[in-house]
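J.: Sequence first, then the predicted structure, then my questions.
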Amino acid sequence: MRIRIDAPSSPPPLDTLAAGVARLRAAGMAVEDASGVVRGRHAYLNGDDGARAASLVDALAADVDVLWLARGGYGLTRILSRIAAPRGRSPTVIGFSDATALFAHLWGQGIHCVHGPLATTLAAEPADSFEHCLAVLERRARGTALPLAAGAAVDVEGRLFAGNLCVLCALVGTPSFPNLDGAVLVLEEVGERPYRVDRMLTQLLAAGALSGVRAVVAGHLTNCVEPTNGSGARDAAPAALDVFAERLGAAGIPLATGLHAGHAAPNRALPLGARARVQAGAGGGALTLLEDLP
């Protein structure tokens, strides 16, 4: 595979970026020189909006197989209005976190996207997760069953969409919010206290943004905990996963849990738009990929 790396969000750390490139090259991938991917010294943006947008537009039209996003953070929502799907062939886009905004914006426009490791997190992936990621990109992951935790009975099929809860919530009311009717929606999060998870899920539900979703699958909810309340004057905060269960249960949306996807390793690659089946119950379950990317 021929791979280009771009960083349209926050500036990527050079050491983890180099480690990710090295791992791809060791696996036989042809990775373009990524030495110029870091621009400027802004605290949280990898260069100004114009430069980031122009680089991303160029990368989406490049004659490569894969456009690998370098880092998440923040920045894509500022430039989505400048991003149009190119005519003709376009590389498959892979990433997660802030990449959710780009996936949502491109949803239904014919560009293939994969929710999976970033170029800067790739080196930390276990061997089986790295191999699965390559299998998804090479269209040979059909039939793969990704394990889920035990829980309530769920058995549904739908088109996969996966993303970060906070970023998806930030798109509500914008032209970039995806139509999730008929979708199996994988949601992950990092560093958000349970009441904030509650607020974001409540907003999505109240806005009708989850109308038609076949099921939600919870991925990693990394460090989504409440700081210890030393006073003892209040009840303990619910776990973030319990918030998912309460909010989605009240809305009648089936919930499956325990998928290894998001801000922790392993971060299993998910081909967006491909059909998947979610089966779970008291004995555990699986999310099975019924299709490869086209």
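T.: Happy to help now that I have it. Residues are numbered from 1 along each chain as shown.

J.: residue ranges of the strands in this protein, please?
T.: Using DSSP state E, the strands of the chain run over 2-6, 30-31, 66-69, 92-95, 113-115, 145-148, 154-164, 183-190, 215-222, 255-256, 270-271, 275-281, 284-289.

J.: Going by contacts, tell me the helices and strands next to the third one.
T.: Read that as strand 66-69. strand 2-6, strand 92-95 (3 or more Cβ pairs under 8 Å, 6 or more residues apart in numbering; DSSP states H and E). C-betas here are computed from N, CA, C, even on glycine.

J.: List of residues touching that strand?
T.: 1-9, 24, 59-60, 91-95, 99, 102, 118-119, 137 (Cβ atoms under 8 Å, 6 or more residues apart in numbering).

J.: now do 6 Å
T.: Applying Cβ atoms under 6 Å, 6 or more residues apart in numbering, the contact partners of strand 66-69 are 1, 3-5, 59, 91-95, 99, 118-119, 137.

J.: Can you list the strands that it pairs with?
T.: strand 2-6 (parallel), strand 92-95 (parallel) (DSSP bridges).

J.: which of these sits most buried?
T.: strand 92-95 (a mean of 26; mean count of other Cβ atoms under 10 Å).

J.: Can I get the contacts of strand 66-69 in TSV including pLDDT?
T.: What follows is the contacts of strand 66-69, written out as TSV (pLDDT from 0 to 100):
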residue	pLDDT
1	96
3	98
4	98
5	98
59	97
91	98
92	98
93	98
94	99
95	98
99	98
118	98
119	98
137	98
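
J.: returning to what we had before: can you redo the helices and strands packed on strand 66-69 as CSV with distance to residue 217?
T.: Formatted as CSV, those follow (distance: least, Cβ to Cβ, whole Å):
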stretch, distance to residue 217
strand 2-6, 28
strand 92-95, 19
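
J.: related to what we said a few turns ago, just name the most buried of the strands of the chain.
T.: Of these, strand 270-271 is the most buried (mean count of other Cβ under 10 Å), at a mean of 30.

J.: and that one, which strands flank it?
T.: Counting by DSSP bridges, strand 270-271 is paired with strand 113-115 (antiparallel).

J.: what's next to the partner strand, contact-wise?
T.: Contacting residues not belonging to strand 113-115 are listed as 93-94, 96, 103, 136, 162, 269-272 [Cβ under 6 Å, 6+ apart].

J.: Which two among these are spaced furthest apart?
T.: Using Cβ to Cβ, the contacts of strand 113-115 span at most 14.1 Å, a distance reached by 103 and 136.

J.: can you pull the contacts of the residue nearest to residue 160 when sequence neighbours are not counted?
T.: Spatial nearest neighbour of residue 160, excluding adjacent residues (Cβ to Cβ, 6 or more residues apart in numbering): residue 276 at 4.8 Å. For residue 276, the contact set (Cβ under 6 Å, 6+ apart) comprises 160, 184, 287, 289-290.

J.: Excluding chain neighbours, give the residue nearest to residue 164 in space.
T.: Residue 164 sits nearest to residue 100 (Cβ to Cβ, 6+ apart), 4.6 Å away.

J.: shouldn't that neighbour be in contact with residue 165?
T.: No. Under the criterion of Cβ atoms under 6 Å, residue 100 is not in contact with residue 165, lying 8.8 Å apart.

J.: Which strand residues bridge residue 146?
T.: residue 287.

J.: correct me, but it touches residue 287?
T.: Yes. With contact defined as Cβ under 6 Å, residue 146 reaches residue 287; the gap is 4.7 Å.

J.: List the buried residues in stretch 106-126.
T.: 106-107, 111-125 (16 or more other Cβ atoms under 10 Å).

J.: Now it - C-alpha only, CSV.
T.: The C-alpha trace of stretch 106-126 is given here as CSV (Å, rounded to 0.1, in the frame of the first residue of the first chain):
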residue,chain,number,x,y,z
LEU,A,106,-17.5,12.7,4.2
TRP,A,107,-20.2,10.2,5.2
GLY,A,108,-22.2,9.2,2.1
GLN,A,109,-19.8,11.0,-0.3
GLY,A,110,-18.1,8.0,-1.7
ILE,A,111,-14.8,8.3,0.3
HIS,A,112,-13.9,5.2,2.3
CYS,A,113,-13.0,5.9,5.9
VAL,A,114,-11.7,3.6,8.7
HIS,A,115,-12.0,4.4,12.4
GLY,A,116,-8.6,3.1,13.7
PRO,A,117,-5.2,4.0,15.0
LEU,A,118,-3.6,7.3,14.2
ALA,A,119,-0.1,7.4,12.7
THR,A,120,1.1,8.6,16.2
THR,A,121,-0.7,5.7,18.1
LEU,A,122,0.1,3.0,15.6
ALA,A,123,3.4,1.9,17.3
ALA,A,124,1.6,1.2,20.6
GLU,A,125,-0.9,-1.2,19.0
PRO,A,126,-0.6,-4.9,19.8
